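> here is a sequence together with a model predicted from it:
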Amino acid sequence: MDLNKIYLGDCLDLMKDIPDKSIDLVLTDPPYNINIAKWDKIDNYVEWCKQWILECQRVLKDNGSFYFWHNDMAQIKDLMTMIESDTNFIYKQFIVWNKRYKASKNYGFLNGYVEIGGLRNYQKMAEYCLYYTFQDDTGLTKIMGDCVYPVRDYIRGEIIRAKGKIVLKEINQVLGTATNGGGIASACLSEDKTVPAVMTKEHYLKIRDWLNSGKEYEYLRKEYEDLRKEYEDLRYTFNNQKTHHSVWEYEIAPKIGHCTPKPVNLIKNILEHSSKEGQTILDPFVGSGTTAIACHDLKRNFICIEKEPKYHEIACKRYEQHKAQLSLF
């Protein structure tokens, strides 16, 4: 499928044309099955969600991330149970979009809903976003065999090549750390470690200087940043921002012909946390086109899909108008 295009059709059909492990981030706002429109009432809802979520799993890279929105906790419970039992996704966070906060332009308007008499429950003023990856908290477990072990083995091999053997106590002396045979040397270089630590640049350069002392430079020729980049690129992307807590405050977006649009800045926040410039984002339920606009502004590529012809037309028109407006400046 071509990049930076909004496709009309059923995502279950169109996603079949997306190659395996080619997407960096899936970010989407699917039907909630709460009957707010004809398209929002789906038989066998959890099974239907399972089908498109498994397709998202197939097309996502091993270091990819998956975000989806919802607002019905009973159905969220069922979806989380299904995802845990039937997919490879690992739960990361439950994000709350708080729509009623004091600085909001809609604060007084929303208060009117809260104060309606006769309510027998708390008024809902939030939506929820579920965040998943394929990796654990550090992102290390899944990539050990691909990178962390080879980095360790490269350093071990260079020490053995230069010195004939590895003496942990001697290496700790070089590093200026504990000399009892454990310490940094053991954490980073021992073959007995199930989860070896990644050596810091400072320690790496100390070992390089030690191996090459008194001779022409020969050992540990690879630059530390090259080793580190390979290691980092295999982990899931997470760029810490000032907004990296789990409760977000954003204004409600204008409807723009769609009944449930998301604010552009809210979507940008996810893109800035879990993707990089030039990466490819998939939104199988793009609605009014917000994801396409956010991707364009942040220099991400996108593949967006919308089944409803009315919304597809709105999304395409909105996206083209946004690009044209930006080009004026």
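On my side now, so go ahead.
> what's the mean pLDDT across stretch 98-108?
Across stretch 98-108, pLDDT averages out at 86.
> list the buried residues in it.
99-100, 104 (16 or more other C-beta atoms under 10 Å). C-beta here means a position set from N, CA and C on the backbone, and glycine is covered the same way.
> going by distance to D233, which of those wins?
Each of the buried residues of stretch 98-108 was scored against D233 by C-beta to C-beta, and K99 proved nearest at 36.2 Å.
> list the buried ones in the helix ranked longest in the chain?
When the chain is parsed with DSSP state H, its longest helix is helix 309-327. Residues 311-312, 314-316, 318-319, 322 are the ones in helix 309-327 that count as buried (16+ other C-beta under 10 Å).
> contacts for that helix, please.
6, 8, 256-258, 286-289, 292-293, 296-297, 304, 306 (C-beta atoms under 8 Å, 6 or more residues apart in numbering).
> would you say E55 is within a helix?
Yes - E55: assigned to a helix according to DSSP: H, G, I helix; E, B strand; the rest coil.
> only the buried residues of stretch 48-59, if you could.
49-50, 52-57, 59.
> check which helices and strands whichever strand or helix holds I281 is in contact with.
Assigned by DSSP states H and E, I281 belongs to strand 280-283. Secondary-structure packing of strand 280-283 (3 or more C-beta pairs under 8 Å, 6 or more residues apart in numbering; DSSP states H and E): strand 23-28, helix 290-297, strand 301-306.
> among the ones you listed, which is nearest E223?
strand 23-28 (25.3 Å).
> who does the closest one touch, helix- and strand-wise?
Counting contacts by 3+ C-beta pairs under 8 Å, 6+ apart, strand 23-28 packs against helix 45-59, strand 60-70, helix 264-274, strand 280-283.
> hmm, back to that, for the strand holding I281, what is the average pLDDT?
98.
> which other residues reach it?
So strand 280-283 is contacted by 3, 15, 18, 22-29, 56, 59, 271, 275, 291-292, 295, 300-305 (C-beta under 8 Å, 6+ apart).
> ok, of those residues, which come out buried?
Using 16+ other C-beta under 10 Å as the threshold, 15, 18, 23-29, 56, 59, 271, 275, 291-292, 295, 300-305 are the buried ones among the contacts of strand 280-283.
> quick one on the thing from earlier: now the longest helix of the chain, how far from the centre of its chain.
When distances are taken as C-alpha atoms, centre = their mean, to the nearest Å, helix 309-327 is centred 26 Å away from the chain's centroid.
> what of stretch 282-294?
With C-alpha atoms, centre = their mean as the basis, stretch 282-294 stands 16 Å off its chain's centre.
> all strands for the stretch 51-200 of the chain, in order.
Assigned by DSSP state E, counting those that start in this stretch, the stretch 51-200 of the chain shows strands spanning 60-70, 90-98, 126-133.
> export these to a markdown table and tack on distance to S213?
Shown next, in a markdown table, are those (distance: least, C-beta to C-beta, whole Å):
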| stretch | distance to S213 |
| --- | --- |
| strand 60-70 | 38 |
| strand 90-98 | 45 |
| strand 126-133 | 43 |
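> out of those, which is closest to N240?
Ranking these by their distance to N240 (criterion: C-beta to C-beta) puts strand 90-98 first, at 13.1 Å.
> pick out the residue closest to the middle of the protein.
Centroid check for the chain by C-alpha atoms, centre = their mean gives S65 as the closest residue, at 3.2 Å.
> right, and that one touches C129 too?
No - using C-beta atoms under 8 Å, S65 is not in contact with C129; the gap is 11.5 Å.
> so which of the helices and strands packed on strand 23-28 is nearest D86?
With C-beta to C-beta as the yardstick, what comes closest out of the helices and strands packed on strand 23-28 is helix 45-59 (6.0 Å).
> report the angle between that closest one and strand 126-133.
Taking axes from the mean of the first three to the mean of the last three C-alpha atoms, to 10 degrees, helix 45-59 and strand 126-133 form an angle of 40 degrees between their directions.
> residue ranges with poor pLDDT in the chain?
Within the chain, the ranges that satisfy pLDDT under 70 run 116-118, 138, 140, 179-181, 243, 327-329.
> tell me the domain boundaries of it?
As assigned by automatic domain parsing, the chain contains the domains 5-135+236-327, 142-234.
> how about the most far-flung residue of the chain relative to its centre, secondary structure?
Taking C-alpha atoms, centre = their mean, the residue of the chain most remote from its mean C-alpha position is G214, at 46.9 Å. Per three-state DSSP, the secondary structure class of G214 is coil.
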